[in-house]
Each structure stands twice: as structure tokens, then as C-alpha cells.
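> What would the 3D arrangement of this be:
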Amino acid sequence: MKLASEIAKSRPDFVICINRLGAENGDSVSQYNYATRLFEITDEAAQLRGMYWLKKAAAANLEVAKSLLASKQRSK
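Residues are numbered from 1 along each chain as shown. From the prediction side, this is the model:
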């Protein structure tokens, strides 16, 4: 776990890539993680992609994704 933390700090682009691959392969945790990374980007396209992946993670019954999705929908 410590190695993963070190990689995340030194190579955030690598982490985004890994989460995208996991998301595309149906892993709900990766979908959630990728969505949260996309939400950090202010670009409208990134925000839309973030919502897409967040909805996929929530549809897979990931509780943290369902909670974040509900929060984002309330704040609209």
C-alpha cells in the first residue's frame, strides 16, 4: 500500500491511466476513482465524463459513489 501511495504522489498521470483502464473494464472502484479525478479538472468535457463514470459506479451499487452522485445532483 505504501508503494501505491508513493506512485500516486509522484506520478498522478499514471494513477489516472490505471483508474481509466479499470473503469473501462468494469471495476466500480476504478470508475469511482476515475470520476473523482475527472472532477478535479475544470474542463466541461472532463466534468461530463466524471458524471458518466460516477453513474456507472453508482449503478454497480458502490455506496460511496451513490452518496457522491446524490450530493452532486442536489447541488445542481
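
> report the longest helix in the chain, please.
What stands out as the longest helix in the chain, according to DSSP state H, is helix 44-59.

> ok, now which ones touch residue 47?
If a contact means Cβ atoms under 8 Å, 6 or more residues apart in numbering, then residue 47 has 38-39, 41 as its contacts. All C-beta atoms are positioned from the backbone trio N, CA, C, and that covers glycine.

> any idea of the pLDDT on residue 17?
At residue 17, the model reports a pLDDT of 91.

> oh sorry, the question was meant for residue 4
65.

> Please save the CA atoms from the longest helix of the chain in PDB.
Provided in PDB are the C-alpha atoms of helix 44-59 (Å, rounded to 0.1, in the frame of the first residue of the first chain):
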ATOM      1  CA  GLU A  44     -16.600  20.800 -19.000                       C
ATOM      2  CA  ALA A  45     -15.900  17.700 -21.000                       C
ATOM      3  CA  ALA A  46     -14.000  16.200 -18.000                       C
ATOM      4  CA  GLN A  47     -16.900  17.100 -15.800                       C
ATOM      5  CA  LEU A  48     -19.300  15.200 -18.100                       C
ATOM      6  CA  ARG A  49     -17.000  12.200 -18.300                       C
ATOM      7  CA  GLY A  50     -16.800  12.300 -14.500                       C
ATOM      8  CA  MET A  51     -20.500  12.100 -14.200                       C
ATOM      9  CA  TYR A  52     -20.700   9.300 -16.600                       C
ATOM     10  CA  TRP A  53     -18.200   7.200 -14.600                       C
ATOM     11  CA  LEU A  54     -19.800   8.200 -11.300                       C
ATOM     12  CA  LYS A  55     -23.200   7.000 -12.600                       C
ATOM     13  CA  LYS A  56     -21.700   3.700 -13.700                       C
ATOM     14  CA  ALA A  57     -20.100   3.200 -10.300                       C
ATOM     15  CA  ALA A  58     -23.400   4.100  -8.500                       C
ATOM     16  CA  ALA A  59     -25.300   1.700 -10.800                       C
END
